[in-house]
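# My questions are about this predicted structure, shown below with the sequence.
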Amino acid sequence: MNYWLMKSEPSVYSYDDLIRDKKTIWDGVRNYTARNNLKAMKKGDLAFFYHSMEDKAIVGVAKIAKEFFPDPKDENWVAVEITSFKKIKNPVTLAQIKADKRLANMALVKLSRLSVQPVKPEEFDLVLALSEEK
DNA sequence: GCCAACGTTGGC
DNA sequence: GCCAACGTTGGC
């Protein structure tokens, strides 16, 4: 199983929106690196849901429900379908991640503009552990 | 094929 | 609002 991180501006589409909708099509990705990551996703993979801009925090976990298919809006690109999986207890902020040496190599820090990025299993576990802390 | 100009993302 | 980082475009 692989782990991912997908970014969204909460004012556009938030994790609470995903909870309300149960599932959503993740389309509109127009970056080759991000597209390659979408294509590498397998059904059942888990992805952190990151709120950019206002929150700058990981707020939930989504599950890949459907592997890549052509983006309904532009078939040169691809989309996946995700479902809400788990809302994180305490959001893990970008500042927290940057402050933790063990997470300093996360793509979120290194490749700050990439909207769909891979997460290492140990990073995934660490972030979840951070979210359990007060 | 190089690279300058330009556009976009997203943190600060 | 600014600007750094980075991706894309287009002239040569």
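Structure received.

# What ranges does chain A have for its helices?
For chain A, applying DSSP state H gives helices covering A:15-21, A:32-40, A:94-99, A:107-110, A:121-132.

# what about these, which gets the closest to DNA strand B?
With respect to DNA strand B, and counting by C-beta to the nearest atom of the strand, the nearest of those is helix A:94-99 at 5.3 Å. Backbone N, C-alpha and C define where each C-beta goes, glycine included.

# In stretch A:43-53, which residues are buried?
By 16 or more other C-beta atoms under 10 Å, the buried positions in stretch A:43-53 come out as A:45-52.

# who in chain A is up against DNA strand B?
Contact residues (C-beta under 7 Å from any atom of the strand) of chain A with DNA strand B: A:7, A:9, A:52-53, A:56, A:94-95, A:98, A:112-115.

# mind redoing it with 10 Å?
Within chain A, the positions near DNA strand B by C-beta under 10 Å from any atom of the strand are A:6-9, A:12, A:28-31, A:34, A:50-57, A:93-95, A:97-98, A:108-109, A:111-117.

# coming back round to it: tell me which of the buried residues of stretch A:43-53 fall in strands.
Within those, residues falling in strands by DSSP state E are A:46-51.

# Just name the closest of those residues to DNA strand C, please.
Nearest to DNA strand C among these, with distances taken as C-beta to the nearest atom of the strand, is A:His51, at 15.2 Å.
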